[in-house]
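Novice: got a predicted structure here, sequence first:
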Amino acid sequence: MALPIYATPLQRVWYYAFRVICGLIFFYLMFPILVIIPLSFNAQNYFTFTPEMLALDPAGYSLRHYFDFFTNPDWQLATRNSLTIAPMATLISVSLGTLAAIGLSQSHVPFKRAIMAILISPMIVPLIISAAGMYFFFSAIGLQGTYWGVVLAHAILGIPFVIITVTATLVGFDRSLTRAAASMGAGPLKTFFKVQLPLILPGVISGALFAFITSFDEVVVVIFVGSAAQQTLPWQMFLGLREQISPTILAVATLMVALSIILLATLEVLRRRNERMRGMSPG
Amino acid sequence: MSQARADGFVVFDRVQKSYDGEILVVKDLNLSMPKGEFLTMLGPSGSGKTTCLMMLAGFETATHGEILLDGKPINNIPPHKRGIGMVFQNYALFPHMTIAENLSFPLEVRGLGKSEREAKITRALDMVQMVSFANRRPAQLSGGQQQRVALARALVFEPELVLMDEPLGALDKQLREHMQFEITNLAHTLGITTVYVTHDQTEALTMSDRVAVFNDGRIQQLAPPEDLYERPENSFVAQFIGENNKLDGVVETIKGEHCTVRLDDGTLVDAQPVNVSSVGERTRVSIRPERVESNPERLHPDAHLVDAEVLEFIYMGDTFRFRLKVAGRDDFVMKYRNAQDQRRLAAGDKIRIGWRPEDCRALDA
């Protein structure tokens, strides 16, 4: 959007001011994340830039915190927990959330808005309240402090994301496609897996990504619902901050940022491939 | 109805449909179609025609009454077990599959082997001249091409009954006319029974063996296209199919196939009684613009003539169209073929018009 020739002086000022403001917003969003990356390579046990690092002296940098992360049994347990809890929670969120979104997109379902509001509520209600509620409820039914307790709690937190993203893709879904499938003799299951699911897959995948990240980053609920055996990465980081302020946290944070970027990039690639497949954009 | 139930390939027997339990969208529908017939359901939107099609396909359930296919009630059979082919208004091709995969879908569902599937797909695509497009995706085809593929997909599993829901609605005029011809041709060659829904009367008239005109949840008239146009049975059909001039009045005399009607301004005209039976009854006479005669020499000497004033002359290429003031109404239309010797009237001309009694139908008021 180039500046038109007839722009008034005020428009010219705004044209540049707008760019500066946008730049500042991106800086504000990105800088705190980016700054931890060099810090995680700190050769010292500090959270600050040492003079050697500022002088770009190789001696000021090391991989010791990464080494610590990969060898320390506490961090290893936390990693294992996160990697077993998040995928399972995601699987449950995606299955239930997708089905709920499809159900709520049918015209004959009564009280749609109310049901939707209830299912979305974990996203709205302050996390600490959900966490406390789940703590008491899960204690009463013996799920507190168990793997499945944490998985279910995280699945509940992930469902709203799946419902929202899948509902958004369903808006563009042509219902006559399922009717066409039925007219050709395909039963409901076949129609779902062969026709509907492939077409709403972008929404399902983005929902899955959000659900995964929610579980992977979550610290409040897991502290309430989990026990020491379910200590996840964010929990371990939280403990690390309170107790030992080790730069290992920064190494873990860097790895988690990298993982997030990889997940987002994968999603984008999948989305583009899907669009190309549907012939929506020129290959 | 029992006779029709036994005979018809597709039978609607006293079918009613209500979405909310109060308002009937379809009211007491009775219809029997023989095998191989091309029947069109024609009507304005909201007349119940699409609802009827959806009940036949199984996507809507009849609130009351029975639908039979080949003698068997199908009310309790889900859509995917009815074996009815369907072409949708927006084509409904699966965007994530190629054309060949789209056609393969109904065959895979039926568990056909690969070689058999390929043979059938090629044959079906060949019918609509789309073989070379087998590996494209729907989004890469034009509207007309997509429509052909949709047609091939509905036919590929060789259903005995095919339903079409306004399949040509999105195409431009020329393509639509071409596809009308192709569809009827295919349906007749393959001997398929077809139920076709449209709101386009030209389509209905040119394609169908019989047309069912729907309005207000009922079939107003079920007849071959020619009967429908030449002999509409009520005012709705007369107004809906083609163009008709309407004049309101009272029956003055009735004698067999001929009656005279005293119009509201006192003019006396000839007509054929259709659904009027007694003198003094109010009626609406209906006459086609192309059957209005402005040359009294071509009419019977006893014919009643009416004074008319030309209000407007419209040149339409193949026809001349005149808007006339007749019996107090200024929307009376007369149409001529564009011929060398044809007299062109101008606005303001005073003429005398008339018609043969059999061209003017006295219908319900």
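Specialist: Noted; the coordinates are in hand.
Novice: how about the residues of the stretch 51-200 of chain A by chain B?
Specialist: Within the stretch 51-200 of chain A, the residues that sit near chain B (Cβ under 8 Å from any Cβ of the partner chain) are A:174, A:176-177, A:179-188, A:190-191, A:194-195, A:198-199. C-beta coordinates here come from the backbone N, C-alpha and C atoms, glycine included.
Novice: from those residues, list the buried ones, please.
Specialist: A:174, A:176-177, A:179-186, A:190-191, A:194-195, A:198-199 (16 or more other Cβ atoms under 10 Å in any protein chain shown).
Novice: mind checking which of those residues are in helices?
Specialist: Counting by DSSP state H, the part of those found in helices is A:176-177, A:179-183, A:190-191, A:198-199.
Novice: closest one of those residues to B:K335?
Specialist: A:S176 (39.8 Å; Cβ to Cβ).
Novice: could you tell me the per-residue confidence at the closest one?
Specialist: Listed pLDDT for A:S176 reads 89.
Novice: contact partners for the closest residue to it other than its chain neighbours?
Specialist: Spatial nearest neighbour of A:S176, excluding adjacent residues (Cβ to Cβ, 6 or more residues apart in numbering or on different chains): B:A92 at 4.2 Å. B:A92 makes contact with A:174, A:176-177, A:179-180, B:150, according to Cβ atoms under 8 Å, 6 or more residues apart in numbering or on different chains.
Novice: for the ones in helices among the buried ones among the residues of the stretch 51-200 of chain A next to chain B, which two are the farthest from each other?
Specialist: A:S183 and A:P198 (18.6 Å).
Novice: low-confidence bits of chain B, can you list those?
Specialist: Along chain B, the parts satisfying pLDDT under 70 run over B:1-6.
Novice: now with 80, please.
Specialist: Residues of chain B that meet the criterion pLDDT under 80 lie in B:1-7, B:170, B:296, B:301-302, B:340-344, B:365.
Novice: give me the number of residues near A:Q11?
Specialist: The local packing of A:Q11 (other Cβ atoms under 10 Å in any protein chain shown) involves 11 other residues.
Novice: grab the nearest non-local neighbour of it.
Specialist: A:L3 is the one closest to A:Q11 (Cβ to Cβ, 6+ apart), at 7.6 Å.
Novice: wait, a strand at that neighbour?
Specialist: No - in this structure, A:L3 is coil, not part of a strand, as judged by DSSP: H, G, I helix; E, B strand; the rest coil.
Novice: got the buried residues for the helix or strand of chain A with the lowest mean pLDDT?
Specialist: Across the helices and strands of chain A, mean confidence by mean pLDDT, DSSP states H and E is lowest for helix A:51-54: a mean of 80. Of the residues in helix A:51-54, A:M53 count as buried by neighbour count, 16+ other Cβ under 10 Å.
Novice: list the helices and strands the next helix or strand after that helix packs on?
Specialist: Where DSSP states H and E defines the elements, the next helix or strand beyond helix A:51-54 is helix A:64-71. Helix A:64-71 sits against helix A:73-105, helix A:248-277, with contacts defined as 3 or more Cβ pairs under 8 Å, 6 or more residues apart in numbering or on different chains; DSSP states H and E.
Novice: residue contacts, residue 131?
Specialist: In the absence of a named chain, chain A is used. A:153, A:220-221, A:223-225.
Novice: wrong one, chain B
Specialist: Taking Cβ under 8 Å, 6+ apart, one finds B:122, B:125 in contact with B:V131.
Novice: gap between it and B:I99?
Specialist: To B:I99, B:V131 is 10 Å away according to Cβ to Cβ, to the nearest Å.
Novice: likewise A:L34?
Specialist: From A:L34 to B:I99 the distance is 49 Å (Cβ to Cβ).
Novice: then B:G256?
Specialist: 61 Å.
Novice: what does B:G169 give?
Specialist: 21 Å.
Novice: try B:C360
Specialist: Taking Cβ to Cβ, one finds B:C360 at 52 Å from B:I99.
Novice: again, but for B:M130
Specialist: Applying Cβ to Cβ, the value for B:M130 to B:I99 is 7 Å.
Novice: before we move on, the earlier item: more neighbours, B:G169 and B:I99?
Specialist: Each of B:G169 and B:I99 has its neighbours counted (other Cβ under 10 Å); B:I99 has more, 28 against 15.
Novice: residues in contact with the more buried one?
Specialist: Contacts of B:I99 by Cβ under 8 Å, 6+ apart are B:93, B:125, B:130, B:133-138, B:141, B:149.
Novice: among the residues you listed, who's most crowded?
Specialist: B:V149 (25 neighbours).
Novice: re earlier: thought the residue nearest to A:Q11 was touching A:Y16?
Specialist: No - here A:L3 does not reach A:Y16: they are 9.0 Å apart, not a contact under Cβ atoms under 8 Å.
Novice: show me the contact partners of the helix or strand hosting B:I353.
Specialist: For B:I353, the host element (DSSP H and E) is strand B:350-353. With contacts defined as Cβ under 8 Å, 6+ apart, strand B:350-353 is touched by B:292-294, B:296, B:305-310, B:324, B:326, B:334, B:345.
Novice: what's the ChimeraX line that selects buried ones from those?
Specialist: A single ChimeraX command selects the buried members of the contacts of strand B:350-353 (16+ other Cβ under 10 Å):
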select /B:292,293,294,305,306,308,310,324,326,334,345
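Novice: let's have the contacts of strand B:350-353 in a markdown table, adding distance to chain A and secondary structure.
Specialist: What follows is the contacts of strand B:350-353, written out as a markdown table (distance: Cβ to the nearest Cβ, whole Å; DSSP: H, G, I helix; E, B strand; the rest coil):
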| residue | distance to chain A | secondary structure |
| --- | --- | --- |
| B:V292 | 45 | coil |
| B:E293 | 49 | strand |
| B:S294 | 50 | coil |
| B:P296 | 56 | helix |
| B:L305 | 55 | coil |
| B:V306 | 51 | strand |
| B:D307 | 55 | strand |
| B:A308 | 50 | strand |
| B:E309 | 52 | strand |
| B:V310 | 50 | strand |
| B:L324 | 46 | strand |
| B:V326 | 47 | strand |
| B:M334 | 44 | strand |
| B:L345 | 50 | coil |
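Novice: can you count the residues close to the residue in the stretch 1-150 of chain A positioned nearest to chain B?
Specialist: Using Cβ to the nearest Cβ, the closest approach of the stretch 1-150 of chain A to chain B is made by A:H108 at 10.1 Å. Using other Cβ under 10 Å, A:H108 has 5 neighbouring residues.
Novice: and for B:K81?
Specialist: Neighbours of B:K81 using other Cβ under 10 Å come to 12.
Novice: that one contacts A:S183, doesn't it?
Specialist: No - the pair B:K81 and A:S183 does not pass the contact test of Cβ under 8 Å, sitting 10.8 Å apart.
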